[in-house]
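K.L.:
Provide a 3D model corresponding to the input given below.
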Amino acid sequence: MAKEHIVHSYDQELRELNNTVARMGGMAEAMLSQAIKAVVQRDSELAAQIVESDSEVDALEQEIDERCLRLLALRQPMALDLREILAALKISSDLERIADYGANVAKRAIALSQTQVVKPQHAIPRMAHLAQGMIKDILDAFIQRDAEKAREVWERDEEVDEMYTSLFRELLTYMMEDPRSISSCTHLLFIAKNIERIGDHATNIGETIDFLVHGSHSLGERPKGDTSSMDVVVPPKAS
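P.N.:
Numbering: from 1, shown residues only. Below you'll find the model as predicted:
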C-alpha cells in the first residue's frame, strides 16, 4: 500500500511538472500573438503590458527548475522518467527565450508606434503567423508525446528562415531607396530577427521531444534557410 502511494505521488509530480511546462508554453505563445497585435495596431500601451508579463514566464521557469531538482534529488529517476525531467528543463529554457523574444518584439512595437509606417511592415504578421503555428504545434507534440509531429515542426523552421532572409533584403533595399525609413526599418529588422529566433527555439523543442520519445537524437542535421548573414545588397546607382 505504501509503495502504491509513493508511485501515485511520483506520477502526480510528473504530471504537475508537464502541466506547468504546457502552461508556460501557452503564455509564451500568447505573448508573441499580443506583441504582433501591438505592432500592427501601433498600440504602445498593449506592448508595455506584454513587456511586464515576461516576469510571469520567468517565475514559471524558476518553478519548473525547482520541481525538476526536487524530483532528481528525491526520486532518482531512470530511463524514460529521467528523460521526462531533463526534457522539462530544456523545454522550459527554450520557452523562456521565446517569451523574451516576444517581449523584445513588444519593446520594438513601442518605438515603432512613434515612426512612419513603411510597406515591409505588412510582412511581419505573416512571418509571426508561421512562428506562432510552430509554437502551438510543438506544444501539442509535447503534450501528446508525438515525435512525428515534432519532426514536422522541426522541418517548418526553414520556411521561417527563408521569409526572414527575404524580409531582410527588402528592408535593406527600402532603407537605401528612402533614408527617411531607416528608423522604422531598423526596428522591423530587429522584430523579424526575434521572430526568426523564436522559430529556432521551437525547433530546439522539437529535437528535445524526439529525444524524449526515442531516447536518441534521430532528426539529423537541422534545415536552415537563413542566408542573410551572407547577403550583400548593392545600393541603386544614382540617376
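
K.L.:
buried ones in the helix ranked longest in the chain?
P.N.:
In the chain, assigned by DSSP state H, the helix with the most residues is helix 2-41. Buried residues in helix 2-41, counted by 16 or more other C-beta atoms under 10 Å: 13-14, 17-18, 20-22, 24-25, 27-39. To be clear about C-beta, it is placed using only N, CA and C from the backbone, and glycine gets the same treatment.

K.L.:
any low-confidence regions in the chain?
P.N.:
The chain contains residues with pLDDT under 70 at 1-8, 222-239.

K.L.:
quick one, helices of it?
P.N.:
For the chain, applying DSSP H gives helices covering 2-41, 44-75, 79-112, 123-144, 147-177, 182-214.

K.L.:
can you put those helices in a markdown table and add distance to residue 221?
P.N.:
Output for those, formatted as a markdown table (distance: least, C-beta to C-beta, whole Å):
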| stretch | distance to residue 221 |
| --- | --- |
| helix 2-41 | 26 |
| helix 44-75 | 29 |
| helix 79-112 | 19 |
| helix 123-144 | 19 |
| helix 147-177 | 11 |
| helix 182-214 | 11 |
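
K.L.:
now residue 220: phi and psi?
P.N.:
Dihedral pair for residue 220: phi 80, psi -160, per degrees, to the nearest 10.

K.L.:
would you quantify the distance from it to residue 123?
P.N.:
Per C-beta to C-beta, to the nearest Å, residue 220 is found 30 Å from residue 123.

K.L.:
who's more crowded, those two?
P.N.:
When residue 220 and residue 123 are compared for neighbours, residue 123 comes out ahead with 17 against 8, by other C-beta atoms under 10 Å.

K.L.:
list the contacts of that one.
P.N.:
Going by C-beta atoms under 8 Å, 6 or more residues apart in numbering, residue 123 touches 163, 166, 167, 170, 192.

K.L.:
repeat that for 6 Å
P.N.:
Contact analysis of residue 123 by C-beta atoms under 6 Å, 6 or more residues apart in numbering lists residue 167.

K.L.:
let's number from 208 now, not from 1
P.N.:
Sure thing, new numbering starts at 208, so read that last one as residue 330.

K.L.:
measure it to residue 257 for me?
P.N.:
Using C-beta to C-beta, residue 330 is found at 21 Å from residue 257.

K.L.:
go on, residue 340?
P.N.:
Counting by C-beta to C-beta, the gap from residue 340 to residue 257 is 20 Å.

K.L.:
and the two? Which one has more around it.
P.N.:
The neighbour count for residue 340 versus residue 257, taken as other C-beta under 10 Å, is higher for residue 257 (25 against 17).

K.L.:
from residue 235, how far out is the more buried one?
P.N.:
For residue 257, the distance to residue 235 equals 11 Å [C-beta to C-beta].

K.L.:
what do you get for residue 385?
P.N.:
For residue 385, the distance to residue 235 (C-beta to C-beta) stands at 35 Å.

K.L.:
skip the chain neighbours and tell me the closest residue to residue 227.
P.N.:
residue 271 (5.5 Å; C-beta to C-beta, 6 or more residues apart in numbering).

K.L.:
all good on my end, thank you.
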